[in-house]
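K.L.:
next come a sequence and a model predicted from it.
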Amino acid sequence: MSHFGRSGPPDITDTYSLLVLNITFRTTADDLFPLFDKYGKVVDIFIPRDRRTGDSRGFAFVRYKYADEAQKAVDRLDGRVVDGREITVQFAKYGPNAERIQKGRIIESFPRSKHRSRSRSPRRRYRDDYRDRDYRRRSRSRSWDRYERDRYRGRDRDYRRRSRSRSASPDYSRGRGRGRYDDYRRSPSRSVGSASPAQHSPSPGRSLSPRKNSPLRGESSDGRSRGERSPSPRSASPRGGHGDTRSYSPGNSDVDD
DNA sequence: GTTGAGCGTT
């Protein structure tokens, strides 16, 4: 395995974690790697993503092998404009498991055999409080300046170009939706073959569900679909097999650039 | 297409 493992964190006991804040939502580890690797030996880069959407949360973790290099990277890259955004580089304050950490270095002072209730909330690891935070100060800035737009477009195309090889966009919504509509339209109740351009069909089409609140959805009470219901086995993973945040491969870049 | 304080995965 050349790349850093998606099997979890590597040997982080002797590494120094750096927290990179204020990065763009489109910045990936591949973009940060060359930047941070210039100032030292980068062991691993991890960018937390959202479980639901899969988008970046706007910050990353860069682990250095040596503290001096990490310190230099902090001093050098802190305040640096990346992707049109001024990033904030600082030593990680907490460990991956909210363990004790010192200057970004994880200190396992206690044996892991003794799991202790952490002060933090291990049950809520995700942004469940994003609503509160959103209401707190939602109106601040659109953040969409000319820089990000330009960068986003360029990056977007790049991603599309490389992702187009293996799998297309998650068309399950459209495909499945049309499939349902197709099935619905397939009913003899509707004459398919001549449309009425003069008047708009009472069927909203895709605006709202044609059977929006039918007492019976046709699948539950039907009974026939119960056994032969196909839950759209079209694509299990829209991201394909590359759905890892840290997809950069040091020494062996798999980018087909 | 929207977000922006913060501390992380098998």
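P.N.:
Nice, thanks for sending it over. Residues are numbered from 1 along each chain as shown, chains lettered A, B, ... in the order given.
K.L.:
low-confidence regions, the stretch 1-150 of chain A specifically.
P.N.:
Counting by pLDDT under 70, the stretch 1-150 of chain A has low-confidence residues at A:1-12, A:98-100, A:102-104, A:107-150.
K.L.:
switch to 80 and redo it
P.N.:
A:1-14, A:96-150 (pLDDT under 80).
K.L.:
what's near enough to touch whatever residue of it ends up closest to DNA strand B?
P.N.:
Relative to DNA strand B, the nearest point of the stretch 1-150 of chain A is A:Gly58 (2.2 Å; C-beta to the nearest atom of the strand). All C-beta spots, glycine's among them, are computed from the backbone N, C-alpha and C. By C-beta atoms under 8 Å, 6 or more residues apart in numbering, the residues touching A:Gly58 are A:Leu21, A:Asn22, A:Ile23, A:Thr24, A:Phe25.
K.L.:
which one of the residues you listed sits in the busiest neighbourhood?
P.N.:
A:Ile23 (23 neighbours; other C-beta atoms under 10 Å).
K.L.:
secondary structure element holding it?
P.N.:
For A:Ile23, there is no enclosing helix or strand under DSSP states H and E.
K.L.:
where does the residue nearest to it when sequence neighbours are not counted fall, phi/psi-wise?
P.N.:
Leaving aside its chain neighbours, A:Ile23 sits nearest to A:Ile87 (5.1 Å; criterion: C-beta to C-beta, 6 or more residues apart in numbering). Note on A:Ile87: its backbone torsions stand at phi -90, psi 160 [degrees, to the nearest 10].
K.L.:
so A:Ile87 touches A:Leu77, yeah?
P.N.:
Yes. Using C-beta atoms under 8 Å, A:Ile87 makes contact with A:Leu77 at a distance of 6.6 Å.
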